[in-house]
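Q: The sequence isn't on hand, but the structure is:
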Ligand SMILES: *Cc1c(COP(=O)(O)O)cnc(C)c1O
């Protein structure tokens, strides 16, 4: 064996030994919440398609029409010839939904975060970031080469301490957090973080991947608090509740114009296919016009947590922390035997010792199935709530 294959094989064996090897499983998703794996039909509690919009007839029809009219791909970067007219329409709708002046759509949420952050800060600047922020926020932060300070999850006092200690030595400062935490489902204290950022002349950036469409009346985490939150950089994705693919930043006009010149993941990556953008326009229209639809996922999550005896959820993401990685995998297998797809989340996606089941809810989950699942989780899944 050559050294390359020897390296890959040894690495895989080490991962398998720690129950950390990951494999891709063929999955057929149907309308609603049913998926097919290995010839079995399962009810999925693991998709981020919170509003079941991936299969909504209006979204599919809009994508079909754009496919026929504009073709399968965009042909180039948006800066070259890939900026088909559907982009403007989508960006105007997202800015309106978020209450921002302007918006810029990227190829994905990951590409958005790795483009936005290095376009705003560099080696002379400071980033203060929540410890549980999404991996791509850390990736973007590292790519910027700014000084990185990590604050304990949702501890505004710790963030303040770090800013007080370090802010003065740097030119600009960026305060970074998820709006809804992807593996815990809790909300960031955005009003307090907004005040903190203003007080230290820092720029607050919130990643709303799991907020838009499902909290704050569909407008996302910035609108989900009793008091308004001052968040000048509202990033999000089109890949979850919006049901398609892509990412975006809603911000002031000058910030958005800067992205078009300086965000490398926008400049040097091909524009999204027109059908994807058209589908997102239809999905945003559904979200903006139907608050009752947007309230559905949280109501279903609450039905589950109350039956299990967990605290009320703040978002449609509910973690059941098991602790041990092998035990989390075993719990996931047990639920699959009962007809439920509930994927186990392991380190390094979550901190060591906090392997968990992560459940997500949609309006299409039948109440009686949620209750049956809750009873199984309550009675048969070992829980380590630390
Ligand atoms: C999923 C996710 C992303 C990445 O978005 P994609 O569009 O899937 O690339 C970014 N941030 C958070 C918090 C996410 O959960």
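A: In hand now; what should we look at? Computed from a predicted model, the values in this text were never measured in an experiment.

Q: For residue 213, see how far away residue 286 is.
A: 9 Å (Cβ to Cβ, to the nearest Å). From N, CA and C alone the C-beta is placed, and that goes for glycine too.

Q: Identify the residues contacting residue 243.
A: 49, 51-54, 56, 59, 279-280, 283 (Cβ atoms under 8 Å, 6 or more residues apart in numbering).

Q: Output these in TSV; the columns should cover neighbour count.
A: Converted to TSV, the contacts of residue 243 look like this (neighbours: other Cβ atoms under 10 Å):
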residue	neighbour count
49	23
51	26
52	21
53	25
54	20
56	19
59	25
279	32
280	29
283	26
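
Q: Quick check: phi and psi on residue 203?
A: phi -100, psi 120 (degrees, to the nearest 10).

Q: Show me what the residue lying closest to it once chain neighbours are set aside is bridged to.
A: Excluding its sequence neighbours, the residue lying closest to residue 203 (Cβ to Cβ, 6 or more residues apart in numbering) is residue 174, at 5.2 Å. Under DSSP bridges, the beta-bridge partners of residue 174 are residue 127, residue 203.

Q: which residue does the chain bring closest to the ligand?
A: residue 109 (2.2 Å; Cβ to the nearest ligand atom).

Q: Correct me if wrong: residue 89 contacts residue 282.
A: No: between residue 89 and residue 282 there is no contact under Cβ atoms under 8 Å: 10.6 Å.

Q: Contact residues of the stretch 201-350 of the chain facing the ligand?
A: Proximity of the stretch 201-350 of the chain to the ligand, by Cβ under 6 Å from any ligand atom, involves residues 207, 209-210, 237, 239, 247.

Q: Redo those residues as TSV? Include secondary structure.
A: Formatted as TSV, those follow (DSSP: H, G, I helix; E, B strand; the rest coil):
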residue	secondary structure
207	strand
209	coil
210	coil
237	strand
239	coil
247	strand
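
Q: The residues you listed, buried ones only, as a PyMOL selection?
A: Remark: buried members of these, expressed as a PyMOL selection using 16 or more other Cβ atoms under 10 Å:
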select buried, resi 207+209+210+237+239+247
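
Q: What is the nearest of the residues of the stretch 201-350 of the chain next to the ligand to residue 186?
A: Taking Cβ to Cβ as the measure, residue 186 sits nearest to residue 210 out of those, at 10.5 Å.

Q: confidence score at that closest one?
A: Here, the pLDDT recorded for residue 210 equals 98.

Q: what sits against the residue of the chain closest to the ligand?
A: 136, 207, 209, 235-239, 246-247.

Q: Pick out whichever of those residues sits closest to residue 97.
A: residue 236 (9.6 Å).

Q: now what about the host helix or strand of that closest one, what contacts it?
A: Here residue 236, judged by DSSP states H and E, is contained in strand 233-237. Outside strand 233-237, the residues that touch it by Cβ under 8 Å, 6+ apart are 94, 98, 100, 108-109, 112-113, 116, 120, 203-209, 211-212, 220, 222, 246-251, 255.

Q: Please identify the buried residues of it?
A: Across strand 233-237, burial judged by 16+ other Cβ under 10 Å covers 233-237.

Q: ditto for stretch 193-204
A: For stretch 193-204, by 16+ other Cβ under 10 Å, it's 193-197, 200, 202-204.

Q: now the helices: where do they sit in this structure?
A: 3-17, 57-70, 86-98, 109-120, 135-144, 156-166, 190-199, 253-262, 264-267, 274-289, 291-308, 325-337, 367-380 (DSSP state H).

Q: Okay, angle between the second one and helix 86-98 too, please.
A: Angle of helix 57-70 versus helix 86-98, following axes from the mean of the first three to the mean of the last three Cα atoms, to 10 degrees, is 150 degrees.

Q: what angle do helix 57-70 and helix 274-289 make?
A: Using the same axes, to 10 degrees: helix 57-70 against helix 274-289 is 150 degrees.

Q: and what of the fifth one?
A: Taking the same axes, to 10 degrees, one finds that helix 135-144 is oriented at 120 degrees with respect to helix 274-289.

Q: In helix 135-144, which residues are buried?
A: 136-138, 140-141, 144.

Q: any chance of the residues you listed in TSV, with distance to residue 25 too?
A: Formatted as TSV, these follow (distance: Cβ to Cβ, whole Å):
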residue	distance to residue 25
136	23
137	27
138	27
140	29
141	31
144	35
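
Q: so can I have a markdown table of the residues you listed showing pLDDT and distance to the ligand?
A: Formatted as a markdown table, the buried residues of helix 135-144 follow (pLDDT from 0 to 100; distance: Cβ to the nearest ligand atom, whole Å):
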| residue | pLDDT | distance to the ligand |
| --- | --- | --- |
| 136 | 98 | 5 |
| 137 | 98 | 7 |
| 138 | 98 | 11 |
| 140 | 98 | 10 |
| 141 | 98 | 13 |
| 144 | 98 | 16 |
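
Q: strand partners of the strand holding residue 236, parallel vs antiparallel please.
A: Each strand paired with strand 233-237, and its direction, by DSSP bridges: strand 202-207 (parallel), strand 247-251 (antiparallel).

Q: would TSV of those with distance to residue 163 and mean pLDDT be doable?
A: Formatted as TSV, those follow (distance: least, Cβ to Cβ, whole Å; pLDDT from 0 to 100):
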stretch	distance to residue 163	mean pLDDT
strand 202-207	6	98
strand 247-251	21	98
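
Q: Looking at the ones you listed, which is nearest to residue 332?
A: strand 202-207 (26.3 Å).

Q: What lies in contact with that closest one?
A: 109, 113, 116-117, 120, 126, 128, 133-134, 137, 163, 167, 172-179, 188, 190, 193-194, 196-197, 221-222, 229-236.

Q: if we can go back for a sec, next, count neighbours for the residue nearest to residue 203.
A: 24 (other Cβ atoms under 10 Å).

Q: How about the contacts made by it?
A: Residue 174 sits in contact with 117, 120-121, 125-128, 146, 202-203, 205, where contact means Cβ under 8 Å, 6+ apart.

Q: Cool, thanks, signing off.
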